[in-house]
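Chemist: This is a predicted model, with the sequence first.
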Amino acid sequence: MELTTYQVKVNLNGTFEEFPLELAEDETSHLLVKLQDMLRNWPKLAKFDSVQVFKKGEPEMVYELPQAFLSSPMSISIMGTGYVGLVTGVGTCHIGRRVICVDIDEKKVDKICKRIPPIYEKGLKEMLVSLPEKYFSCTTNLREAVMNTDCTFIAVGTPPKENGEQDLKFVESACAELGKILKEKPGHMVVVKSTVSPGTTQNKIKAMIAEHAGHTNFKIAMVPEFLREGLAIEDFLNPYRIVIGVEDQETFEAIKFIYEDFDTPFFKTTLTGAEMIKYASNSLLATKISFANEIGNLCKSLDIDVYEVMDGVGLDERFNRKFLNAGRGFGGSCLPKDVKALVSLGKTLNQPTELLKAVWAVNENQPLKMIELAEKHLGDLKNKTVAVMGLAFKPGTDDIRESPATIIIKELLEKGAKVIGYDQFAQENMEKIYPNITYAKSPTEAIKDADVVLGVTQWPELRDEKLYKGKLFIDGMKFIDKRTTDDYEGICW
Ligand code: UDX
């Protein structure tokens, strides 16, 4: 294997020690991890003032590192291998850190060790496969992972309870386990990645870890995740910003260092501020969509195309065009959950959240508009065959959590319609909730006997006008260009 040699120049109070650092082809992106390991294991060198790194034979310095580099978290353990944990783990290793992912689910861990992602996410498998074993591993052994890393990310799930509040049971057990281990490892850094409501990191997570550790000698940060499903790898590598909620400047700098190659704003705030930025961001996205939908519903009555309207609105930079696509409403694991969580927080704080309640109300009703339009053409849907095209909450994912398709199917079944579902990727997940509807193997099969076709989630393969020829088509998301024929109805155009 070809080796790349770097020359390391260590400044020890004005005198310089030099040594070569050799990296195998698959380790070059992990130079800093290897360098930190060497410096930590070499007590004399560890007292350096600064370290300069050059590629052998080349004059330009690759890195100049301050003493703080020695304690920077180059090795990271991640609790939870769901969407956030796994993408963060794989991405963080890809950008040159050592990562140990941890999960209690042995099957998942086994898959990840074999470089098979347990979830579908574009580009994830390719990235996972490319990570060198020395720098990326996955285990059920939290103790070993924590003891061998500088920093632990908590990325376990926070699913919603019936009343909209978040269920913290996974976070709580993660804190208890981590706290017990930190009893023997003072000075560790803990980064909360899970979406938690404002105040949780400060009042619950920190307190729980301290209780189990028997001390408060650990650093804590809240770094919310803004990844979109289906584009998570792309978003990880090109973040709009990295929000870092901390209690001190040192922790802020240490976390910034993990992502130092990113050319993005690093936004420093408090722990509670970071938590609220996540909720406010998702709620604002949801607000934009519900706003577009409400305007879209007015547009429909006036025979105006809301997409054209939003194209005009979006030209003003103060709004921008993104997230103004009207349609059958938003779904997914984040937007609905976060809007509901803020409404629930408002109740607890005795502060009205009328706007967010309205955002939610618009969204709950929006998928049903598609059924109303079908009824406008067909009358009673009892015993009518309805094809539901696209079951995932959006294209590019197999996730059906809070998907508009689930609401539509439920309503159709209540009305006595025969439902045929189609989605190349999300069908298996939908079968778990609705095992008794018919699932088609291809778009053509789904449409063949349908009295009406509902375009719910516009996967590229479904955006083919020819597919729907001769069928009544209710378009929930601009599958095809608006037609003025009697067999086409756009939801908001
Ligand atoms: C969202 C946020 O975008 C992301 O920053 C956060 O980390 C997690 O939540 P995600 O749930 O993956 O990401 O989906 P997103 O792409 O935001 O779409 C959410 C829903 O809104 C989908 O159902 C989508 O179809 C719908 N949507 C989106 C619209 O109806 N109109 C739009 O203009 C945009």
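Modeler: Thanks, I have the structure now. Numbering: from 1, shown residues only.

Chemist: Get me the contact residues on this protein for the ligand.
Modeler: 225-229, 282, 285, 289, 323-325, 327, 330-332, 334-335, 393-394 (C-beta under 6 Å from any ligand atom). Where you see a C-beta, it was placed from the backbone N, CA and C, and this is true even at glycine.

Chemist: Please repeat the previous calculation with a cut-off of 5 Å.
Modeler: Taking C-beta under 5 Å from any ligand atom as the contact definition, the chain meets the ligand at 226, 228-229, 289, 323, 325, 327, 330-332, 334, 393-394.

Chemist: farthest pair in the residues you listed?
Modeler: Phe226 and Gly327 (22.1 Å; C-beta to C-beta).

Chemist: neighbour count winner among the two?
Modeler: Using other C-beta atoms under 10 Å as the criterion, Phe226 and Gly327 rank with Gly327 on top: 29 against 18.

Chemist: Quick one: buried ones out of the residues of the chain next to the ligand?
Modeler: Phe226, Glu229, Ile289, Phe323, Asn325, Gly327, Phe330, Gly331, Gly332, Cys334, Phe393, Lys394 (16 or more other C-beta atoms under 10 Å).

Chemist: Cross these against helices and list the overlap.
Modeler: Ile289 (DSSP state H).

Chemist: can you dump the C-alpha coordinates of stretch 259-268 into CSV?
Modeler: Listed next in CSV are the C-alpha coordinates belonging to stretch 259-268 (Å, rounded to 0.1, in the frame of the first residue of the first chain):
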residue,chain,number,x,y,z
TYR,A,259,-16.0,20.3,12.0
GLU,A,260,-13.1,22.7,11.3
ASP,A,261,-13.0,21.8,7.6
PHE,A,262,-16.5,23.0,7.0
ASP,A,263,-16.9,26.4,5.5
THR,A,264,-20.1,27.3,7.3
PRO,A,265,-21.1,29.7,10.1
PHE,A,266,-20.6,28.3,13.6
PHE,A,267,-23.3,29.8,15.8
LYS,A,268,-22.6,30.0,19.5
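
Chemist: what comes into contact with it?
Modeler: Here stretch 259-268 makes contact (C-beta atoms under 8 Å, 6 or more residues apart in numbering) with 95-96, 238-244, 246, 252, 256, 277.

Chemist: So among these, which ones count as buried?
Modeler: Ile95, Gly96, Pro239, Ile242, Val243, Ile244, Val246, Phe252, Lys256, Ile277.

Chemist: ok, back up a step: just the contacts of stretch 259-268: which are in strands?
Modeler: Ile242, Val243, Ile244, Val246 (DSSP state E).

Chemist: Closest one to the ligand out of these, please.
Modeler: Val243 (11.5 Å; C-beta to the nearest ligand atom).

Chemist: how about the ones in strands among the contacts of stretch 259-268 in CSV, adding pLDDT?
Modeler: What follows is those, written out as CSV (pLDDT from 0 to 100):
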residue, pLDDT
Ile242, 98
Val243, 98
Ile244, 98
Val246, 98
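
Chemist: what's the farthest-apart pair in the buried ones among the contacts of stretch 259-268?
Modeler: Longest span within the buried ones among the contacts of stretch 259-268, C-beta to C-beta: Gly96 and Ile277, 26.2 Å.

Chemist: now the stretch 101-250 of the chain, which segments are flagged as low pLDDT?
Modeler: In the predicted model of the stretch 101-250 of the chain, no residue satisfies pLDDT under 70.

Chemist: ok, 90 please
Modeler: Residue ranges of the stretch 101-250 of the chain with pLDDT under 90: 119-122, 159-166, 230.

Chemist: how about the helices of it, start to end?
Modeler: 106-113, 124-130, 142-147, 169-182, 200, 206-213, 232-237, 249-258 (DSSP state H, counting those that start in this stretch).

Chemist: Out of the ones you listed, the one nearest Gly490 is which?
Modeler: Closest among these, once you apply C-beta to C-beta, is helix 232-237, at 29.2 Å.

Chemist: biggest separation within the contacts of stretch 259-268, which pair?
Modeler: Farthest apart among the contacts of stretch 259-268 by C-beta to C-beta are Gly96 and Ile277. That separation is 26.2 Å.

Chemist: what's downstream of whatever helix or strand Gly312 lives in, the next helix or strand?
Modeler: According to DSSP states H and E, Gly312 maps onto helix 306-314. Tracing the chain past helix 306-314, the next element assigned as helix or strand by DSSP H and E is helix 335-349.

Chemist: other SSEs contacting the helix or strand following that next one?
Modeler: Sequence-wise, the next helix or strand downstream of helix 335-349 (DSSP H and E) is helix 354-378. Contact partners of helix 354-378 among helices and strands, from 3 or more C-beta pairs under 8 Å, 6 or more residues apart in numbering; DSSP states H and E: helix 271-302, helix 335-349, helix 404-414, strand 452-455, strand 472-475, strand 488-490.

Chemist: which outside residues touch helix 354-378?
Modeler: Helix 354-378 is contacted from outside by 283, 286-287, 289-290, 293-294, 297, 327-330, 336, 339-340, 342-343, 346, 381, 384, 386, 404-405, 407-408, 411-412, 415, 451-452, 454, 456, 472, 474, 476, 489, 491, using C-beta under 8 Å, 6+ apart.

Chemist: So among the residues you listed, which ones count as buried?
Modeler: Applying 16+ other C-beta under 10 Å to the contacts of helix 354-378 flags 283, 286-287, 289-290, 293-294, 297, 327-330, 336, 339-340, 342-343, 381, 384, 386, 404-405, 407-408, 411-412, 415, 451-452, 454, 456, 472, 474, 476, 489, 491 as buried.

Chemist: so how many other residues sit close to Val87?
Modeler: Neighbourhood size, Val87 [other C-beta under 10 Å]: 26.

Chemist: again, but for the one 5 residues further on
Modeler: Using other C-beta under 10 Å, Thr92 has 20 neighbouring residues.

Chemist: Assumed it was part of a helix.
Modeler: Yes. Thr92: assigned to a helix according to DSSP: H, G, I helix; E, B strand; the rest coil.

Chemist: so what's it up against?
Modeler: Shown in contact with Thr92 (C-beta under 8 Å, 6+ apart): Ile76, Ile78, Val99, Ile258.

Chemist: give me the number of residues near the first one?
Modeler: Burial measure for Ile76: 23 neighbouring residues, criterion other C-beta under 10 Å.

Chemist: Test my guess that it contacts Ile95.
Modeler: No. Assessed by C-beta atoms under 8 Å, Ile76 is found out of contact with Ile95, at 11.0 Å.

Chemist: For the helix holding Gly312, the averaged confidence score.
Modeler: Averaged across helix 306-314, pLDDT comes to 97.

Chemist: how far away is the residue nearest to Cys299 when sequence neighbours are not counted from the ligand?
Modeler: Sequence neighbours aside, Val306 is the residue nearest to Cys299 in space, at 4.1 Å (criterion: C-beta to C-beta, 6 or more residues apart in numbering). Between Val306 and the ligand the distance is 11 Å, computed by C-beta to the nearest ligand atom, to the nearest Å.
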